[in-house]
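>>> Structure of the sequence below:
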Amino acid sequence: EELAGVHAYGSIIGESPSLKSVLSRIALVAPTVANVLILGESGTGKELIAREIHTRSERRDRPLIKVNCATIPKELYESEFFGHVKGAFTGATSDRMGRFEAADGGTLFLDEVGEIPPDLQGKLLRVLQDGEFERVGEGRTRKVDVRIIAATNKNLIAEVKNSRFREDLYYRLNVFPIEVMPLRERKEDIPLLVAHFMEVFSRRLNRPAPRLTEANLMDLTAHAWPGNVRELQNILERALILSPHGRLQLDLPKVSGEAPLPNRDRPEAAADLTGAILSEADIIAIQKQNMLSALMRSGWKIYGMDGAARLLGIKPTTLIERMRRFRVKKPV
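The predicted structure follows:
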């Protein structure tokens with residue numbers, strides 16, 4: 001696939017330079033059996049990247065098993081990973097397969113891998129090195145063939161220095177790192193993500209998608225997004241619920257250190273942008289992405305009630321002129 005101008009790569013949406021770099025690395029590593037370590041803040045889409053790697057690998061027809069390492073009680077880690085036999089401990093009323101066995105031949109996604117207790121990290125390292133383990137309470141050694149994709153929002157190098165994460169395990173996991181930048185550093189992706197989520201939520205909530213204005217997009221682009229894409233999803237779903245009559249009602253939370261967005265209903269709003277300042281290039285990029293989103297949603301139809309011009313709230317002749325100015329043409 002050509003990655004240079006892609007808007008959607010499987011289930012991943014965007015076209016920022018940092019996301020294109022991520023997509024290029026996915027394309028390189030997916031066909032291999034190498035372990036992958038995905039780094040990034042919470043809500044940036046690390047699980048989506050793990051799924052895309054698995055889908056594009058030769059293991060796509062085998063299981064992708066996810067383990068959220070942050071939610072497992074410490075006393076159950078070993079049983080969760082390796083399984084147990086009946087009677088191994090109080091409450092073990094039957095044999096149970098662990099996540100490694102369940103993922104045999106496929107991929108095991110270790111989300112929040114930095115939360116694994118130090119006393120289990122050595123046992124995990126053994127499985128990664130030798131592909132061998134024992135169920136809790138059993139002497140029989142079992143073998144598995146599992147590819148590991150791990151993800152974390154922690155600085156594992158700092159965890160290693162503070163003796164909270166084994167250095168040898170870190171290097172075993174970090175064969176091929178992929179860093180996902182926060183949404184505030186790839187704002188070019190916001191218009192495309194907004195268009196995608198608006199379409200998804202309008203279907204899910206069974207209501208027409210409200211018209212998205214350039215003022216809406218400027219507000220969304222200026223927001224800091226501490227919760228990243230997950231926060232954007234939540235904001236847009238709430239906005240659709242609050243907007244039954246076609247006008248999008250955004251409810252953006254105030255972020256500490258971020259100046260309030262202007263009330264755009266006031267005449268003086270244009271001079272009230274005391275918060276995040278968008279450059280002329282940012283505004284042009286927003287206009288272009290908003291136009292592309294409208295064209296894609298309308299099936300590249302310009303005229304009519306369901307045309308892109310109507311979605312944008314502009315005349316068809318204005319849209320045609322913008323397409324000419326931005327050198328946007330309908331794909332063949």
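>>> What helices and strands are in contact with the host helix or strand of Arg203?
Using DSSP states H and E, Arg203 sits within helix 190-204. Based on contacts counted as 3 or more Cβ pairs under 8 Å, 6 or more residues apart in numbering; DSSP states H and E, the elements that helix 190-204 packs against are strand 12-13, helix 214-222, helix 228-241, helix 280-297. From N, CA and C alone the C-beta is placed, and that goes for glycine too.
>>> what's the following helix or strand after the shortest one?
This means strand 12-13. The C-terminal neighbour of strand 12-13 among helices and strands, as given by DSSP H and E, is helix 17-29.
>>> for the helix holding Arg203, which positions count as buried?
Residues of helix 190-204 classed as buried: 190-198, 201 (neighbour count, 16 or more other Cβ atoms under 10 Å).
>>> Just want the phi and psi numbers for Ser11.
Ser11 adopts backbone torsions of phi -100, psi 0, taken as degrees, to the nearest 10.
>>> Where does the prediction get shaky in this structure?
Along the chain, the parts satisfying pLDDT under 70 run over 1-8, 255-280, 282, 332.
>>> what domains does the record give for it?
For the chain, automatic domain parsing gives the domain ranges 8-181, 184-325.
>>> Now do the contacts for the most centrally placed residue in the chain.
Nearest to the mean C-alpha position of the chain, by Cα atoms, centre = their mean, lies Gly45 at 1.6 Å. Listed by Cβ atoms under 8 Å, 6 or more residues apart in numbering, the contact partners of Gly45 are 12, 180, 228-229.
>>> next one: Ser18
The neighbourhood of Ser18, defined by Cβ under 8 Å, 6+ apart, consists of 181, 185-186.
>>> what's the answer for Ile148, then?
35-36, 107-108, 110, 128, 173.
>>> Name the nearest of these relative to Lys74.
Closest approach between these and Lys74, by Cβ to Cβ: Leu110, at 15.9 Å.
>>> I'd guessed the closest one sits against Ala151; true?
Yes: if you go by Cβ atoms under 8 Å, Leu110 and Ala151 touch, sitting 7.2 Å apart.
>>> Can you pull the residues that touch both of those two?
Here Leu110 and Ala151 have no joint contacts, going by Cβ under 8 Å, 6+ apart.
>>> so what's Leu110 closest to, chain neighbours aside?
Leaving aside its chain neighbours, Leu110 sits nearest to Ala150 (4.3 Å; criterion: Cβ to Cβ, 6 or more residues apart in numbering).
>>> mind checking the SS state of the one you found?
With DSSP: H, G, I helix; E, B strand; the rest coil as the basis, Ala150 sits in strand.
>>> how near is it to Leu193?
Here Ala150 is placed at a distance of 25 Å from Leu193 (Cβ to Cβ, to the nearest Å).
>>> Likewise for Arg147?
29 Å.
>>> got it, and Val160?
According to Cβ to Cβ, Val160 stands 34 Å off from Leu193.
>>> swap in Ile320?
Applying Cβ to Cβ, the value for Ile320 to Leu193 is 26 Å.
>>> same check, this time on Leu183
Using Cβ to Cβ, we find Leu183 at a distance of 8 Å from Leu193.
>>> shared neighbours, those two?
Counting by Cβ under 8 Å, 6+ apart, the contacts common to Leu183 and Leu193 are 229, 232.
>>> before we move on, back to that, out of the domains of the chain, flag the one nearest Pro331.
Ranking the domains of the chain by proximity to Pro331 (Cβ to Cβ) places domain 184-325 first, at 7.9 Å.
>>> how long is that closest one from one end to the other?
One end of domain 184-325 sits 27 Å from the other (Cα to Cα, to the nearest Å).
>>> And the strands in this protein, which stretches?
Taking DSSP state E to define them, one finds strands in the chain at 8-9, 12-13, 36-39, 64-68, 83-84, 96-97, 107-111, 132-134, 141-143, 147-152, 176-179.
>>> ok, the second one: who's next to it in the sheet?
It refers to strand 12-13. strand 8-9 (antiparallel) (DSSP bridges).
>>> same deal with the last one?
Applying DSSP bridges to the sheet, strand 176-179 is found paired with strand 36-39 (parallel).
>>> thinking again about what came up before, I'd like the contacts of Ile148 written out as CSV, with neighbour count added.
Below are these laid out as CSV (neighbours: other Cβ atoms under 10 Å):
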residue, neighbour count
Asn35, 19
Val36, 26
Thr107, 24
Leu108, 26
Leu110, 25
Leu128, 17
Leu173, 25
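>>> just to revisit the earlier point, would JSON lines of the helices and strands packed on helix 190-204 with distance to Glu132 and mean neighbour count be doable?
Shown next, in JSON lines, are the helices and strands packed on helix 190-204 (distance: least, Cβ to Cβ, whole Å; neighbours: other Cβ atoms under 10 Å):
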{"stretch": "strand 12-13", "distance to Glu132": "35", "mean neighbour count": "19"}
{"stretch": "helix 214-222", "distance to Glu132": "50", "mean neighbour count": "20"}
{"stretch": "helix 228-241", "distance to Glu132": "37", "mean neighbour count": "18"}
{"stretch": "helix 280-297", "distance to Glu132": "50", "mean neighbour count": "18"}
